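>>> compute the structure for the input listed below.
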Amino acid sequence: MSESYSAPEASHRYVLDLVRAADRDRFLAALFAPEPARRRLLALLAFDHELARTRTVTREPTLARIRLEWWREAMAEAAGIGKPRAQPIVESLSETARRCRLGAEQFVRLIDAREEEIDGPLDVVRAGHALADLELAVLGVGDPMTRDAAHAVGAAWLMGEGPERDALLIEARARRREINPAALPILLPALALEGAASAWRRPLAYWWAARRGRY
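Residues are numbered from 1 along each chain as shown. As a prediction, this is how the structure comes out:
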């Protein structure tokens with residue numbers, strides 16, 4: 001696998017603008033990661049956004065599967081050694097995959113999880129864990145306690161309000177003293193799930209929580 005690929009700056013800018021507009025809370029949290037991890041997290045969030053859009057782009061199951069198959073093929077190229085497809089998110093992900101030595105199968109796990117949504121409800125645990133594992137990989141974090149916390153927040157993010165989501169957030173916060181602080185950029189969105197601050201005060205709330213190691 002070649003590690004020398006660098007995505008065009010225009011592709012990184014596209015990804016940044018997309019995530020800022022479509023996923024503001026997780027965008028703000030990702031800003032607390034240092035470069036180049038920040039750029040890589042944004043690429044993953046853009047990827048997740050595109051996969052989640054499948055159910056709104058088309059209601060025809062066959063077309064939805066074709067769209068996801070396109071992404072499987074694109075990620076095989078992105079994680080390989082050749083030139084990736086000339087699509088901004090794919091190009092940004094290719095740089096991420098090659099620099100972090102991520103295999104195509106790690107991206108395909110998230111695609112497979114999203115495919116279940118074509119015919120039925122999304123398995124929020126499977127999808128949340130798949131994205132969290134990718135995020136932990138680009139942050140260079142792999143200890144079990146942090147992984148458990150990231151999995152809990154990742155699944156909770158995809159749930160509606162209710163006791164199950166509350167239980168996941170409690171589980172994640174129970175590990176607060178044992179997590180790797182490098183993972184805070186993917187844990188901070190837990191604050192948004194409980195309405196910790198109004199949208200315009202969210203950046204300050206994230207900053208204060210990050211300084212205290214809370215989420």
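>>> chain neighbours aside, what residue packs nearest to the residue positioned nearest the centre of the chain?
What sits nearest the mean C-alpha location of the chain, by C-alpha atoms, centre = their mean, is Leu45, with 4.1 Å. Excluding the flanking residues, the one nearest Leu45 by C-beta to C-beta, 6 or more residues apart in numbering is Val19, at 4.7 Å. For every residue, glycine as well, the C-beta is placed using N, CA and C.
>>> export the helix or strand of the chain with the lowest mean pLDDT as PDB, just CAs?
The helix or strand with the lowest mean pLDDT-type score in the chain, counting by mean pLDDT, DSSP states H and E, is helix 54-57 (a mean of 88). What follows is helix 54-57 as a C-alpha-only set of coordinates in PDB (Å, rounded to 0.1, in the frame of the first residue of the first chain):
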ATOM      1  CA  THR A  54     -28.600   6.800   0.600                       C
ATOM      2  CA  ARG A  55     -32.100   6.400   2.000                       C
ATOM      3  CA  THR A  56     -33.000  10.000   1.000                       C
ATOM      4  CA  VAL A  57     -31.300  10.000  -2.400                       C
END
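>>> show me what it is in contact with.
Under the contact criterion C-beta atoms under 8 Å, 6 or more residues apart in numbering, helix 54-57 has outside partners Ala64, Arg67, Leu68, Arg114, Glu117, Ile118.
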